[in-house]
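# Just a sequence and a predicted model for now, questions to come.
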Number of protein chains: 2
Amino acid sequence: MQAWKDYQAANKDRFLDELLELLRIPSVSARSEHKSDMETCAAAVKERLLQAGADKAEIVATPGHPVVYAEKMIDPSKPVVLVYGHYDVQPADPLELWHSGPFEPTIKDGKIFARGACDDKGQFYMHIKALETLMQTNSLPVNLKFIIEGEEEVGSPNLADFVKQNKELLKADVILISDTSMISMDAPSIDVGVRGLTYIEIEVTGANRDLHSGVYGGAVANPITILAKMIASLHDADNHITIPGFYDDVVEATKDERAALAQAPYNEEVYKQELGVNALWGEKGYTTNERTGIRPTLEINGIWGGYTGEGSKTVLPSKAFAKISCRLVPNQKSDKMEKLLIDHLYKIAPPSVQVKVSPHHGGDPYMTPVDSIEYKAAAKAIEATFGKAPVPVRGGGSIPITALFESELGCKVVFLGFGLDNDNLHSPNEKYDIANFYKGIETIPYFHQFYAEMKA
Amino acid sequence: MQAWKDYQAANKDRFLDELLELLRIPSVSARSEHKSDMETCAAAVKERLLQAGADKAEIVATPGHPVVYAEKMIDPSKPVVLVYGHYDVQPADPLELWHSGPFEPTIKDGKIFARGACDDKGQFYMHIKALETLMQTNSLPVNLKFIIEGEEEVGSPNLADFVKQNKELLKADVILISDTSMISMDAPSIDVGVRGLTYIEIEVTGANRDLHSGVYGGAVANPITILAKMIASLHDADNHITIPGFYDDVVEATKDERAALAQAPYNEEVYKQELGVNALWGEKGYTTNERTGIRPTLEINGIWGGYTGEGSKTVLPSKAFAKISCRLVPNQKSDKMEKLLIDHLYKIAPPSVQVKVSPHHGGDPYMTPVDSIEYKAAAKAIEATFGKAPVPVRGGGSIPITALFESELGCKVVFLGFGLDNDNLHSPNEKYDIANFYKGIETIPYFHQFYAEMKA
């Protein structure tokens, strides 16, 4: 549509400036000291939705951070597209590794560097600018609803209740999410699956106080040593996860799917070089794309205990801690896997320590059928703007709420993501290529257009 | 000696007040921000030595924290006793576990709670008050030298050079150190050995940046997992240390020594209860007293990596770190064991990570012969004030400089320690029983007296 292109070309600098403004708000959901930043950010999102053309927008309180809901209803006979995104971001630390302030968005080499640039402010904002484009060109082909939440990075603890309590309000034909990546601008792809997640924290206690490692060393369990032994036992020599029953519910990928994955562009030397590693690590019998897509994983996200300061301290610590998460694939269920993990950790703890395991959050894996109208509309939209059909791939990340959307709202979810794997999500120097931001704004109206046509 | 007793009884409150004043100086050698506190503390120690009767006292600069040297020379025909102690203390953290400020000494139930109360301010200060007692009662039977250093808790990195460069100044017949414990006031004991130490820090690097655990998890080595596996491999199922050659130089304790150790009062239920543990942990085939006395150990003193803050972060970290130390027994040499440990860590690191190991500090183990005049004088002094002969035991801690004292100065070291194992050395709520402080001041003059007589 030439009208869309013209409008976007005339307003592109403003679109970018508006995003940068949003990125300046440090909306870190995990940290209680950012509570008011979260409120500021929710208010800004609501305002932008109204400015873009929503005829209703509101901030809905939850027991945690608020949800922003908005809609533009044009015709009850047209399909309803529900856009989901999140305005919260990951914590920015370690701060010392950022080349520019995480909340002082900086443009370099055509990329926006800032926490949330890609995950997910830069991506959900494309949908707001797509709405604006369609409104200003009088061409909105669908009814649009928006649900932009503030707790995705902490596992969406309150969104399930919100969805369950607002099923009528959220009623839709398809849910559209831009919070994933594509292989590259030259090899556009669509994630047809996201992995599920279970996340726990373990506390291992030895003696009731820190001890002198000389006076007690050798006679009392060191909780760090014990925790290390417990963690070490979770993967065998082939890097299979050793928790009994862990793989029971995994639907093995078919030969065809593995063959298709093997077609995705991948160069091991480039991959290793880009990460700065001499050798990769992973489950024996699977390729890198399989390890990050179709296989479940167990990662230690953090560990701490004892003396971690400057110099040396000969302490035998009382406590050691770790944060551990698993990525899940169909048909593993988050609740079941969480219980499996927790029970296993209690079981392997030796009597010389006491162990406490607390669940953080989780979500089930999800897959979009490639033969669905929803996927087809997305593929056609990509083809319209990229000039080639996208490759369907399995994403490694998790969007915990996805499976619940389908079960509660009864419609499919499509992932229309424009990030790149090297966007440093959750890492220092998160970035989003400006070209990808614009390409997303260009592509989304086509999705609405094609989806309306296919549903007609 | 009634005159000693009378003088001490008349001045006991002041002795205590003076110690509390010293404990208020946060002389943490490991932390550069306490550099001026270290200088303040050294100046205070020098002042106290002069007040007690030293006829020479000086602060000697080193590349690190200064050493305080003092002497009271009475007669070249009398033996010289060199007292060694340290005015630096361990870091106080974790601060939140202290019931009162670590540098706000608090008296409760007859105990002084403060960092350094026992280790070692409370103990070296007994020697200054013993000097004062002998001076004020005109009964000093030996020449006395003092060397009170400021870097014991960081491994005495500059003391060896100081000793080597000042051999004439430090010339002595015996070195007396109060920096160890006894079993109890009812079961006085003398440490006839201290363990040696080697202390290193390891940094494990996976990818060149923190990664998203969904996008890369399962395909790239997690340095925490690798570090945990490396640490876990350092002890076998029987808690023997697995480093090849680790035990090669260990002189096995004789049957007689093990039988003597078995006579030391020990109640496993009380020991476990006091530590709050359900089961002990240690090397198979050895008792608790053997594990902490005659056997070498390997402890993880600290570990950190990834996200350690509030809530959850799905990061696959770039780096993980640990501080690891070994306690050594005769005839293990610190330099050799450090190299063995470092080489082993490099060797077991898998190709998927990069490892960097840095040595912190070390010291050789030391033993005082029980048939020496030095030990006999100490035993007789204990008997004079406690009413019973002390049990010779092997201490688990380390005083890194001890072995060097003997090799450079050519004289024996005697440990005349008045602490208790439950003094929370290096832990929150370090304490020193006031009764033990006074008992030390009472006992030390007897050592000087008996040693002078035996050497005559």
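That came through, no problem.

# wait, what's in contact with A:Glu151?
Contact analysis of A:Glu151 by C-beta atoms under 8 Å, 6 or more residues apart in numbering or on different chains lists A:29, A:62, A:64-65, A:86, A:88, A:157-159. Glycine gets a C-beta too; all of them are placed from N, C-alpha and C.

# whoops, A:Asp93 was the one
So A:Asp93 contacts B:307, B:309 (C-beta under 8 Å, 6+ apart).

# how does it look with 10 Å?
By C-beta atoms under 10 Å, 6 or more residues apart in numbering or on different chains, A:Asp93 lies in contact with A:28, A:31, A:102, A:428, B:210, B:307-309, B:313, B:315.

# okay, it: pLDDT?
On the pLDDT scale, A:Asp93 is placed at 86.

# Then A:Gly395?
Looking at A:Gly395, its pLDDT is 83.

# How many residues are close by it?
Per other C-beta atoms under 10 Å in any protein chain shown, the neighbour tally for A:Gly395 reads 25.

# same check, this time on A:Asp17
9.

# ok, so what distance separates it from A:Lys376?
According to C-beta to C-beta, to the nearest Å, A:Asp17 and A:Lys376 sit 35 Å apart.

# what does A:Val68 give?
30 Å.

# Between these two, tell me which one has more neighbours.
A:Val68 (26 against 16).

# isn't there a strand covering the more buried one?
Yes: assignment of A:Val68 by DSSP: H, G, I helix; E, B strand; the rest coil places it within a strand.

# How far away from the center of its chain is stretch A:267-278?
Distance of stretch A:267-278 from the chain centroid (C-alpha atoms, centre = their mean, to the nearest Å) equals 23 Å.

# Quickly list what A:Val194 is bridged to.
For A:Val194, the beta-bridge partners under DSSP bridges are A:Tyr366.

# looking only at pLDDT, what's the mean for stretch A:375-383?
On average, stretch A:375-383 scores 97.

# ditto for stretch A:422-433
92.

# In CSV, could you pull the C-alpha coordinates for that stretch?
Taking Å, rounded to 0.1, in the frame of the first residue of the first chain, the C-alpha atoms of stretch A:422-433 are listed here in CSV:
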residue,chain,number,x,y,z
ASN,A,422,22.5,-11.0,18.7
ASP,A,423,20.3,-8.2,20.1
ASN,A,424,21.7,-8.9,23.6
LEU,A,425,18.4,-9.5,25.2
HIS,A,426,18.7,-9.7,29.0
SER,A,427,22.4,-8.7,28.5
PRO,A,428,24.4,-5.5,28.7
ASN,A,429,24.2,-3.5,25.5
GLU,A,430,20.8,-4.7,24.4
LYS,A,431,20.1,-3.2,21.0
TYR,A,432,17.5,-3.1,18.2
ASP,A,433,18.4,-2.3,14.6
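
# Would it count as contacting chain B?
Yes: Stretch A:422-433 lies within reach of chain B by C-beta under 10 Å from any C-beta of the partner chain, at A:422-430.

# Give me the buried subset of those.
A:422-430 (16 or more other C-beta atoms under 10 Å in any protein chain shown).

# Does A:Trp304 belong to a helix, a strand or coil?
strand.

# Name the residue of the stretch 301-450 of chain A with the shortest distance to chain B.
The stretch 301-450 of chain A approaches chain B most closely through A:Gly397 (3.1 Å), counting by C-beta to the nearest C-beta.

# host element of the nearest residue to that residue once chain neighbours are set aside?
Using C-beta to C-beta, 6 or more residues apart in numbering or on different chains and skipping the chain neighbours, the partner closest in space to A:Gly397 is B:Gly214 (3.1 Å). Secondary structure from DSSP states H and E places B:Gly214 outside every helix and strand.

# Thank you kindly, that will do.
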